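> Build me a structure from this.
(one chain, ligands or ions: 1)
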Amino acid sequence: MTATDTFFQPNTAINTQPNIAALYIVATPIGNMSDISARAINTLNKVDIIACEDTRTSGKLLSNFGINTQTWAYHEHNSEIQTPKIIEMIQRGHSIALISDAGTPLISDPGYQLVQAAHKAGIKVVPIVGASAAIAALSVAGLPSDKFSFVGFLPAKTHGRIKQLEQYANRTETLIFYEAPHRIIASLNDMAAVFGDTRPATLCRELTKTFETVKKATLSELAEFVAADNNQQKGEIVLVVGGDVNNKTDDDSAHDKLLLRLLEDLSVKKAAALASDLTGVKKNALYQRLLELQDK
Ligand code: SAM
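Numbering: from 1, shown residues only. Next up, the predicted model:
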């Protein structure tokens, strides 16, 4: 049997069985219902209780898949009360799933306190993986994906937003932001002011839904694009912003010179291996950098 055969065997691993007392962190779709996984449906059907950020919102998702499992509310305003109750239920032998309104729980969503408490209590925590808007956006943004930081939501008020953006202005990695539609123009303008008009960025709006937008441009072009079209000021938005390429360290530049020289005589793989031996930098990181240099 090959590794691929093993990979496609359903439900072979014991820790995927949702009737085992554990906390299951279940990702749900960010728009397109077809993005739910078979394992997520199976888990939500079999657990004793589903803890939901909003029981009404999740009710629609659950009824869509014919799931009748009992739901409990679990959100930032009741997590102090609900966390010990859920932990106690699991300790008594029940299995509980946590879902948020959309995407992966804990990613700008409730759940951290519960997962932390489960670890403290020695309870098994099982990820049932699926969509997250941040990773979906990064995967289509057309910006370097070898290193990135997830920033999440910026402060709502201009002063706080600019202060936070300033902290990220010289970061060289790609930055991922969640943004509310009514703040998107203000945020794009603030980003253009702090990061520079010409910094590349990708607006990822309504991903996996009917009116999906993926537009890559400079920050000032994106600000104009959104301001000129009311439709772009609606829905759910992720902004992916390129890093500060002028802020590469001397080390980075020296590595690039070495990599470019090695590329003249060697394959990407061999160049990465040799450069890693010479610099002590991880081979995989150098391999990714070589691919970027090759594309330039
Ligand atoms: N936990 C979720 C995840 O894994 O993506 C994110 C929850 S956060 C409260 C909601 C934010 O995620 C939205 O305001 C938006 O920035 C982003 N988002 C969620 N769904 C999206 C979609 N379909 N397209 C673009 N952005 C989305």
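> Burial check on the residue in the stretch 51-200 of the chain that the ligand sits nearest to, number of neighbours?
Using CB to the nearest ligand atom, the single residue of the stretch 51-200 of the chain nearest to the ligand is residue 103, 2.5 Å away. Placement of C-beta: from N, CA and C, glycine included. Look at residue 103: counted by other CB atoms under 10 Å, it has 25 neighbours.
> likewise the one 10 residues further on?
Neighbourhood size, residue 113 [other CB under 10 Å]: 15.
> any idea how far residue 55 is from it?
19 Å (CB to CB, to the nearest Å).
> Flag every residue of the stretch 1-150 of the chain that's near the ligand.
Counting by CB under 6 Å from any ligand atom, the positions of the stretch 1-150 of the chain adjacent to the ligand are 30-31, 100, 102-104, 107-109, 132-134.
> Got a quick ChimeraX command for the buried subset of these?
Only the buried entries of those go into this ChimeraX selection, using 16 or more other CB atoms under 10 Å:
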select :30,31,100,102,103,104,107,109,132,133,134
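> Redo the residues of the stretch 1-150 of the chain next to the ligand as JSON lines? Include secondary structure.
Listed next are these as JSON lines, based on DSSP: H, G, I helix; E, B strand; the rest coil:
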{"residue": "30", "secondary structure": "coil"}
{"residue": "31", "secondary structure": "coil"}
{"residue": "100", "secondary structure": "coil"}
{"residue": "102", "secondary structure": "coil"}
{"residue": "103", "secondary structure": "strand"}
{"residue": "104", "secondary structure": "coil"}
{"residue": "107", "secondary structure": "coil"}
{"residue": "108", "secondary structure": "coil"}
{"residue": "109", "secondary structure": "coil"}
{"residue": "132", "secondary structure": "coil"}
{"residue": "133", "secondary structure": "helix"}
{"residue": "134", "secondary structure": "helix"}
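> and which of the residues of the stretch 1-150 of the chain next to the ligand is nearest residue 63?
Closest approach between those and residue 63, by CB to CB: residue 102, at 15.8 Å.
> for the closest one, what are its contacts?
28-31, 131, 133 (CB atoms under 8 Å, 6 or more residues apart in numbering).
> With pLDDT as added columns, please give those residues in a markdown table.
A markdown table is the format used below for those (pLDDT from 0 to 100):
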| residue | pLDDT |
| --- | --- |
| 28 | 98 |
| 29 | 98 |
| 30 | 98 |
| 31 | 97 |
| 131 | 98 |
| 133 | 98 |
